[in-house]
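**Q** based on what follows, work out the 3D shape:
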Amino acid sequence: MRSFEKVSYSENLRKLQEFRDWLIQHRIPTAKSRFESIIINMEDINEHYETHLLNELIKDKGNVHLWYTLMESSAYITVYEMVKSLEDHRIPKRAIRNALEGPFLPMDENSGDKNVNPRNHLFELELAGKLYKKNLKIVGFEDVQFIFDNYYFHVQCKRLFSKKNISHNIISAHKQLSTDIRTTNSRGIRFWCKIFTRLKIAALSPEYQAAIPIILVINSTSKGTD
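**A** Numbers count the residues shown, from 1 in each chain. Here you go, the predicted model:
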């Protein structure tokens, strides 16, 4: 049976604070950002946990805010554990700066509006961090590019806001990947932020169904070089 890694609230808070120090050192401001709000919430969670008063905090801030605090603190930590070991010229500072901002809750985002971009960047950076943790060479942070077994991979990351935009995202990802792999002799992956069930797949028209598996690899005939 697979076991899950256990991380304490205090440990997560310590890593977030380390990340904030790292950001300041690299002249990336955090004041009044979503990231700063998450640190404040994590301080509250840790304090109330240690004093056995978590129920009071839940009443005060609500489960939704606390749940997103915990979930996205994990995402930021994944990013931090990657970027802290990168050479300065390879650090995606613009993407990181953007990923710190945005509405605190996804339900306050507006599809098609610029306020979705910060969480989009965090989604991409977190994926890059997970791949980096598995010792894959990350060569690009715009929708993520990496090398595996001497193949270049381009990843199209899509956050799905509603059933209405599934088809649009599939077409958009397919077109972009087709261009990328045609011009770079690489391979493509579509990466979705939600899990599809067979029922949901069946509800789509046939032209989209083949594109739905969570990770879809499009083969090209040529290998990339490291």
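
**Q** helices and strands around the strand or helix carrying Lys59, which ones?
**A** In the assignment (DSSP states H and E), Lys59 maps to helix 54-61. Under the contact criterion of 3 or more Cβ pairs under 8 Å, 6 or more residues apart in numbering; DSSP states H and E, helix 54-61 touches helix 34-50. C-beta: built from backbone N, CA, C; applies to glycine.

**Q** buried residues in the helix it packs on?
**A** Buried residues in helix 34-50, defined by neighbour count with 16 or more other Cβ atoms under 10 Å: 34-35, 37-39, 41-42, 44-46, 48.

**Q** then stretch 83-90?
**A** Val83.

**Q** that stretch spans what distance, first to last residue?
**A** Criterion Cα to Cα, to the nearest Å; first-to-last residue distance in stretch 83-90 is 9 Å.

**Q** ok, back up a step: which parts of the helix or strand just after the helix holding Lys59 are buried?
**A** Heading C-terminal from helix 54-61, the first helix or strand you meet, by DSSP H and E, is helix 63-83. Under the neighbour-count criterion of 16+ other Cβ under 10 Å, helix 63-83 has 65-66, 68-69, 72-73, 75-83 buried.

**Q** out of these, which comes closest to Asn55?
**A** Of all the buried residues of helix 63-83, the one sitting nearest Asn55 is Leu66; the distance, using Cβ to Cβ, is 11.4 Å.

**Q** dump the residue contacts of that closest one.
**A** Going by Cβ atoms under 8 Å, 6 or more residues apart in numbering, Leu66 touches 41, 45, 57-58.

**Q** run the last query once more with 10 Å
**A** For Leu66, the contacting residues are 41-42, 44-45, 48, 54, 57-58, 60, by Cβ atoms under 10 Å, 6 or more residues apart in numbering.

**Q** and the helix holding Lys59, what's buried?
**A** Counting neighbours by 16+ other Cβ under 10 Å, one finds that the buried residues in helix 54-61 are 54, 57.

**Q** mind saving the C-alpha coords of it as CSV?
**A** Taking only C-alpha atoms (Å, rounded to 0.1, in the frame of the first residue of the first chain), the coordinates of helix 54-61 have been written out as CSV:
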residue,chain,number,x,y,z
LEU,A,54,-8.5,24.9,15.2
ASN,A,55,-12.3,24.9,15.5
GLU,A,56,-12.2,28.5,16.5
LEU,A,57,-10.1,29.4,13.4
ILE,A,58,-12.4,27.4,11.1
LYS,A,59,-15.4,29.4,12.5
ASP,A,60,-13.4,32.7,12.0
LYS,A,61,-12.0,32.1,8.5
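
**Q** contacts for it?
**A** 9, 41, 44-45, 47-49, 51, 53, 65-66, 69.

**Q** now Tyr132. Nearest residue, chain neighbours left out?
**A** Leaving aside its sequence neighbours, Tyr132 sits nearest to Met82 (Cβ to Cβ, 6 or more residues apart in numbering; 4.4 Å).

**Q** so for the helix holding Lys59, what's the average pLDDT?
**A** The average of the pLDDT scores along helix 54-61 is 94.

**Q** that one to helix 63-83, inter-axis angle?
**A** An angle of 100 degrees separates the directions of helix 54-61 and helix 63-83 when computed by axes from the mean of the first three to the mean of the last three Cα atoms, to 10 degrees.

**Q** quick one, domains of the chain?
**A** The chain breaks down into these structural domains: 7-134, 143-226 (assignment by automatic domain parsing).

**Q** which one of these has the poorest average confidence?
**A** Within the domains of the chain, the least confident segment by mean pLDDT turns out to be domain 143-226, at a mean of 52.
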